[in-house]
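In: quick one: sequence and predicted model below, then my questions.
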Amino acid sequence: MSGIVSYGSYIPKYRIRPEEIARVWGEDAEKIKNGIYVISKSVPSPDEDVATISVEAARNALKRRPINPKHIGAIYIGSESHPYAVKPTATIVASALGADFNLFSADYEFACKAGTAGMQNVKAMVDAGNISYGIAIGSDTSQGAPGDVLEYTASAGGTAFLIGGEDVIAEINHTASVTSDTPDFWRREGQPYPTHGERFTGEPAYFKHTRAAAARIMEMAGTKPEDYDYAVFHQPNGKFPTRVAKILGFREEQYKDGLLTPVIGNTYSGAMMTGLSAILDKAKSGDRILAVSFGSGAGSDGFDITVTDAIGKMDRHAAPTIQDMLDNVKWVDYSIYAKFKKKIVVGENIA
Amino acid sequence: MGELSRFWRESDHRYRLVAHKCGNCDRVYFPPRDVCPTCHRESVGKMEPIDLSGKGEVVSYTVVHEAPTPFTRQKPYILAIIKLDEGPSLTGQIVDSDPEEVDMGKRVHSVFRKVAEDGKSGIIQYGYKFVLD
């Protein structure tokens, strides 16, 4: 059965704390931390963007499973912060990996679930016999307007999954999606920052779609929450995934390893996939994983995954683990953050 | 447009550190060279592309305080001569570290980063930089 052959993630080294953001905007940091359950978030340096994060994540996947890059048949990159409006990130990543000229590729956009839509597409192409291997990447340098509540969570990072039919470390047993026209969060063409429907982002959007996709997957697989060793959900903040896990009947020991937003913030298209990467860092043969992404607009992609014996043969330390990237950080204050994220007006001699 | 086509031509070595190895004397050249400067005519048709590992050590470095426009958000930034494990030395930025963390002899590895942007509407140039191991 097809599934994940290798995986790799990348989280920028810089971090900022909510106390520092709250200090600038005159907010109550404790109230915000308790409201969204985030204690720090990653910040991209000025020379990092979705292309660089995607390349590093994909290279980490290839360090764990060094296949010939010419055998990669497809590259799909999901993001809502592609560096170009017109000029696919996938072309830059393909070139940086040394992929073949004969390559299926595209950039995807579906808010925070574009990367998992890529996983589904690559799996389908492997199952159809079109390709031997494909790479699906979810990556973002997400935007939050200065002073907006999103600024406390919008962060940067990404994860790449090499998907194929042989030497699979995690079989994708089932996948399914739900989609509806729900205006919970959006960014109009040409606008630098997104707009959100505040509390409308909760019940009719995140919870409805995540619950429905999880329920559909468990119905297809004939499973119950207690059959899973791990569960990972899209994590726009620390609170939503915890609440949806409890509503669905999952216990803390099942979802805590995949919950990264409290320490790295919301990496948008990278969020659920990076949580899954953290789980694969420690999973053992036979472990079963429920993974559900959510993209505003809105929709959810669900996956029922079983870890195989092949994970025991993989050198998972051939590339940095998520824990390695959580341990190696540099803290910045709001001034440096604002400079890195181009949030301040500058003169002509500053790029 | 000259810059555009030059960066496009050089993308293999800027993105992936592709060097050329002389099939006559086994010397490795980065940036790649069509003819080995040691073997001259003997090397014609024998220069083979190889992917460098990106692993090496700091031979020398400097800290740039007066930065050109594309690097103003990163100043002061560190520019180093790196000797790669395969032999060639090259100049590259060391990022994600403060100047006092860098020293000669320290091990580094390459990373893929944005090098420059041609204004707000031009092309984005990507390439190799280095971080401390």
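Out: Now that the structure is in, tell me what you want to look at.
In: who's in contact with the helix or strand bottoming out on mean pLDDT in chain A?
Out: Confidence across the helices and strands of chain A bottoms out at strand A:195-196, with a mean of 87, counting by mean pLDDT, DSSP states H and E. Outside strand A:195-196, the residues that touch it by Cβ atoms under 8 Å, 6 or more residues apart in numbering or on different chains are A:150, A:184-188, A:296. No exception for glycine: its C-beta is placed from N, CA and C like everyone else's.
In: all strands for chain B, in order.
Out: Taking DSSP state E as the test, the strands found in chain B are B:18-22, B:28-29, B:47-51, B:55-64, B:77-84, B:89-94, B:107-117, B:124-132.
In: wait, which of the ones you listed is closest to A:Ala154?
Out: strand B:107-117 (19.3 Å; Cβ to Cβ).
In: what's the angle between that closest one and strand B:89-94?
Out: Relative orientation of strand B:107-117 versus strand B:89-94 (axes from the mean of the first three to the mean of the last three Cα atoms, to 10 degrees): 70 degrees.
In: the least confident helix or strand of chain A pairs with which strands, and in what direction?
Out: strand A:185-186 (antiparallel) (DSSP bridges).
In: quick one: the partner strand to chain centroid distance?
Out: 17 Å (Cα atoms, centre = their mean, to the nearest Å).
In: for it, give the mean pLDDT please.
Out: Across strand A:185-186, the average pLDDT comes to 90.
In: coming back round to it: check which element follows the least confident helix or strand of chain A along the chain.
Out: Downstream of strand A:195-196, the first helix or strand assigned by DSSP states H and E is helix A:208-221.
In: direction included, what does whichever helix or strand comes after that next one pair up with?
Out: Next along the chain after helix A:208-221, taking DSSP H and E as the criterion, comes strand A:230-233. Here strand A:230-233 has these sheet partners by DSSP bridges: strand A:288-292 (parallel).
In: now find how far off-centre the strand it pairs with is within its chain.
Out: The answer for strand A:288-292 is 14 Å, by Cα atoms, centre = their mean.
In: give me the angle between that strand and helix A:208-221.
Out: Computed by the same axes, to 10 degrees, the angle separating strand A:288-292 from helix A:208-221 equals 150 degrees.
In: now what about strand A:288-292, what contacts it?
Out: With Cβ under 8 Å, 6+ apart, strand A:288-292 has contacts from A:116, A:170, A:210, A:213-214, A:217-218, A:223, A:225, A:227-234, A:250, A:258, A:272, A:275-276, A:279, A:283, A:300-307.
In: got it, and stretch B:69-81?
Out: Residues outside stretch B:69-81 that contact it (Cβ under 8 Å, 6+ apart): A:45-47, A:339-340, A:342, A:349-351, B:58-67, B:89-95, B:97, B:99, B:102, B:108, B:115-117, B:130.
In: redo that, cut-off 6 Å
Out: A:46, A:339, A:349-351, B:58-65, B:67, B:89, B:91, B:93-94, B:99, B:102, B:116 (Cβ atoms under 6 Å, 6 or more residues apart in numbering or on different chains).
In: same check on stretch A:317-330?
Out: In contact with stretch A:317-330 (Cβ under 6 Å, 6+ apart) are residues A:8, A:11, A:13-15, A:60, A:63-64, A:277-278, A:281.
In: chain B: which of those residues is nearest?
Out: A:Lys13 (4.9 Å; Cβ to the nearest Cβ).
In: quick check, A:Phe272 in a helix?
Out: One thing to correct before we go on: residue A:272 is Met, not Phe. Yes: under DSSP: H, G, I helix; E, B strand; the rest coil, A:Met272 falls within a helix.
In: which residues are in contact with the residue lying closest to it once chain neighbours are set aside?
Out: Closest residue to A:Met272 in three dimensions, ignoring its sequence neighbours and counting by Cβ to Cβ, 6 or more residues apart in numbering or on different chains: A:Ser293, at 4.2 Å. By Cβ under 6 Å, 6+ apart, the contact set of A:Ser293 is A:113, A:116, A:234, A:272, A:301.
In: wait, which of these is closest to A:Thr159?
Out: Looking across these and measuring by Cβ to Cβ, the closest to A:Thr159 is A:Met272, at 8.8 Å.
In: how much space separates that closest one from B:Lys46?
Out: Note on A:Met272: its distance to B:Lys46, by Cβ to Cβ, to the nearest Å, is 50 Å.
In: quick one, which of the two is more surrounded?
Out: Comparing A:Met272 with B:Lys46 by other Cβ atoms under 10 Å in any protein chain shown, the one with more neighbours is A:Met272, at 32 against 15.
In: please look at the more buried one and A:Ala231 and confirm they touch.
Out: No: contact criterion Cβ atoms under 6 Å: A:Met272 and A:Ala231 do not qualify, at 10.7 Å.
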